[in-house]
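> Give me the fold of what follows.
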Amino acid sequence: MANGRTEEVDVVIVGAGISGIAMARQVSSDHPGMSYLILEGRSRVGGTWDLFRYPGIRSDSGMGTFAYSFRPWPGTKHFGTGEQIRDYLEETAAEYGIDQHIRFNHKVRAADWDSATARWTVTVDEGSDQKRIRARFLIGCTGYYRYDQGFSPAFEGEENFEGELFHAQHWPEDLELKDRRFVVIGSGATAITVVPALAEAGADVTMLQRSPSYVVSIPSEGGIGDWIRERFSPRRAAFLLRWLGILMELAQFNLARRFPNLFRRLFISGARKQLPAGYERRHLNPAYDPWVQRVCFAPDGDYYAALSGERARIETGNIERIGPDRIHLREGTEIEADVIVKATGLDLLIFGDIEMSVDGEPVDPADHLVYKGAMLSGVPNFIFVVGYTNASWTLKSELISRFASRFITTVERRSGGSETGAGVPIAPDGPMETVPLLNLQSGYIRRAESRLPKAGDVSPWVLHMNYFSDRRELLRGDLEDGTIRFS
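Residues are numbered from 1 along each chain as shown. Predicted coordinates for the structure are as follows:
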């Protein structure tokens with residue numbers, strides 16, 4: 001029930017995950033006179049890293065780039081566990097005083113822009129209470145998928161299953177693992193992580209996939225990382241490791257896109273070398289080229305080590321129906337199960353399902369173009385973060401944070417310090433080819449294309465998935481070339 005309270009701040013940031021903390025640190029550092037709040041629907045810092053609790057949860061990028069540039073990762077392993085990452089985010093928020101500005105259990109329901117006052121009115125649910133906050137700038141750091149549910153396709157007969165069946169995004173607490181028969185449906189990053197963790201915990205696990213994914217083994221320690229740490233100070237080593245990670249991630253992606261057949265052979269031959277002789281090729285040969293969908297990484301080859309043991313295996317096929325204690329495949333195979341885990345992907349949800357309007361007109365993201373991958377055409381004083389699909393999310397979070405600071409500075413200067421200043425990207429009048437927002441063909445992206453804003457084929461309407469292109473656009477691109485209308 002609304003209580004009539006309206007609070008006034010300069011900046012509202014939605015989300016206290018990786019992007020929200022990076023944004024708060026940048027805005028508070030560059031604009032110390034501005035007031036800001038972070039509104040977080042959950043009860044703790046972390047976003048994704050507070051939500052996901054499945055066994056083995058870890059980063060899918062190296063921590064040299066996944067950690068912040070302003071606060072290097074304290075560990076030495078290439079990947080960080082979910083718990084380590086959440087603790088790191090909480091410590092970062094405390095170190096920079098950001099935690100004092102977070103409102104937990106505050107779910108943003110709506111955001112309405114009023115041009116007359118140049119303010120966003122943000123409607124927030126706090127338990128059974130509802131309140132409003134007015135802000136000059138609204139920044140969405142909500143990620144791009146639903147927190148309340150993952151993509152969970154319905155299978156015939158699943159209601160008759162007598163064991164436990166759930167989506168990996170909502171792993172039950174204290175679930176018994178040892179000596180139980182698990183079937184993990186899926187072959188993406190979640191399944192690749194869960195399978196070895198279950199096998200190590202003593203479960204018997206079958207990964208059931210319709211088609212394989214590319215899985216590349218990465219050493220978790222040693223190599224050039226240790227060499228750099230031994231020879232340089234911690235801060236300089238972190239700087240070098242970050243840039244090495246950026247260059248390697250970018251090089252691997254671009255080379256794989258340019259020479260797909262070569263990388264297909266490299267990835268598949270690398271997989272076969274880590275598995276027992278005679279392992280069926282159909283379990284390892286994806287139907288698409290590398291980086292058409294995201295490539296998965298296995299720390300120290302733990303995924304292949306699990307499949308080489310007695311507790312984990314792959315089954316490739318299509319589900320016909322689910323019985324009381326097993327899955328029946330169209331190919332005629334049956335897989336007995338005590339627990340069925342749907343690692344079937346995410347549901348994309350742009351801007352956290354916030355109902356937005358501009359001067360009373362609803363904003364449908366699909367009707368708008370993205371400006372520099374960080375704003376929407378026709379929507380004033382609104383910035384959002386969508387990270388990379390082919391590299392660390394944090395890299396782009398930091399670039400957009402710096403862009404947001406530049407935008408706020410420009411609005412302030414163009415308005416002469418007035419608190420009614422605004423800037424809104426204006427879509428071009430002439431025809432322009434539009435392309436999907438995200439550059440992969442993963443199922444969760446294809447399912448959501450009709451709901452996402454569009455990108456253009458010319459700057460500044462291109463959404464780059466290239467760190468160096470984004471540095472040029474976001475950090476040095478002209479904000480006063482006429483594309484943004486300031487008032």
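> Give me the neighbour count for the residue lying closest to F384 once chain neighbours are set aside.
Nearest residue to F384, sequence neighbours excluded (Cβ to Cβ, 6 or more residues apart in numbering): G140, at 3.8 Å. Glycine gets a C-beta too; all of them are placed from N, C-alpha and C. The local packing of G140 (other Cβ atoms under 10 Å) involves 27 other residues.
> cool, D125 as well?
Around D125 there are 15 other residues, counting by other Cβ under 10 Å.
> hang on, isn't it packed against H106?
Yes. Judged on Cβ atoms under 8 Å, D125 makes contact with H106 at a distance of 7.4 Å.
> got the buried residues for stretch 462-482?
Residues of stretch 462-482 classed as buried by neighbour count (16 or more other Cβ atoms under 10 Å): V462, L463, H464, M465, N466, Y467, D470, E473, L474, G477, L479.
> quick one: average confidence on that stretch?
Per-region confidence: stretch 462-482 scores 92 on mean pLDDT.
> Now tell me what touches it from outside.
Around stretch 462-482, the neighbours that count as contacts under Cβ atoms under 8 Å, 6 or more residues apart in numbering are 246, 250, 370, 372-374, 386, 388-391, 395-396, 399-400, 402-403, 406-407, 410, 414, 423, 437-439, 455-456, 459-460, 486.
> what does stretch 124-137 give?
Contacting residues not belonging to stretch 124-137 are listed as 1-3, 5-12, 37, 39, 103, 105-109, 117-123, 381-383, 404, 408, 419, 421 [Cβ under 8 Å, 6+ apart].
> Of all the residues in it, which ones are buried?
V124, Q130, K131, R132, I133, R134, A135, R136, F137.
> cool, stretch 408-419 as well?
Under the neighbour-count criterion of 16+ other Cβ under 10 Å, stretch 408-419 has I408, T410, V411, E412, R414, S415 buried.
> can you give me the helices for the stretch 301-450 of the chain?
Residue ranges of the helices in the stretch 301-450 of the chain, as given by DSSP state H, counting those that start in this stretch, are 302-308, 393-414, 443-448.
> Name the residues of the first one that come out as buried.
Of the residues in helix 302-308, D302, Y303, Y304, A305, A306, L307 count as buried by neighbour count, 16+ other Cβ under 10 Å.
> ok, those residues vs L349, which is closest?
The nearest member of those to L349, counting by Cβ to Cβ, is Y303 at 28.8 Å.
> wait, the closest one sits on V215?
Yes. Counting by Cβ under 8 Å, a contact exists between Y303 and V215, whose distance comes to 5.6 Å.
> which neighbours do these two share?
I192.
> which other residues reach stretch 9-17?
By Cβ under 8 Å, 6+ apart, the residues outside stretch 9-17 that reach it are 20, 23-24, 27, 31, 34-40, 42, 45-50, 89, 93, 102, 104, 108, 120, 122, 133-143, 352, 354, 408.
> just to revisit the earlier point, can you lay out the buried residues of helix 302-308 as TSV showing distance to H283 and pLDDT?
Converted to TSV, the buried residues of helix 302-308 look like this (distance: Cβ to Cβ, whole Å; pLDDT from 0 to 100):
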residue	distance to H283	pLDDT
D302	17	96
Y303	12	97
Y304	11	97
A305	16	97
A306	14	97
L307	9	97
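> List the contacts of I224.
The neighbourhood of I224, defined by Cβ under 8 Å, 6+ apart, consists of L244.
> Please report how far it lies from W49.
Using Cβ to Cβ, to the nearest Å, one obtains 27 Å as the distance from I224 to W49.
> try T142
T142 sits 14 Å away from W49 when distances are taken as Cβ to Cβ.
> and the spatially closest residue to G186 that is not a sequence neighbour, what is it in contact with?
Using Cβ to Cβ, 6+ apart and skipping residues adjacent in sequence, the residue nearest G186 is A343, 3.4 Å away. Neighbouring residues of A343 by Cβ under 8 Å, 6+ apart: H167, A168, V184, I185, G186, G188, T190, A191, V194.
> What about A343? Give its phi and psi, please.
phi -100, psi 60 (degrees, to the nearest 10).
> Any chance of a PyMOL selection covering the buried ones in the contacts of stretch 462-482?
In PyMOL syntax, the buried subset of the contacts of stretch 462-482 is picked out as below (16+ other Cβ under 10 Å):
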select buried, resi 246+250+370+372+373+374+386+388+389+390+391+395+396+399+400+402+403+406+407+410+414+423+437+438+439+455+456+460
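> pLDDT score assigned to E249?
You'll see E249 listed with a pLDDT of 91.
> for it, what are its contacts?
Remark: with contacts taken as Cβ under 8 Å, 6+ apart, E249 is in contact with S61, G62, T65, N390, A391, S392.
> After the helix or strand bottoming out on mean pLDDT in the chain, which helix or strand is next?
The helix or strand with the lowest mean pLDDT-type score in the chain, counting by mean pLDDT, DSSP states H and E, is helix 443-448 (a mean of 66). In the C-terminal direction, the helix or strand that comes right after helix 443-448 (DSSP states H and E) is strand 455-456.
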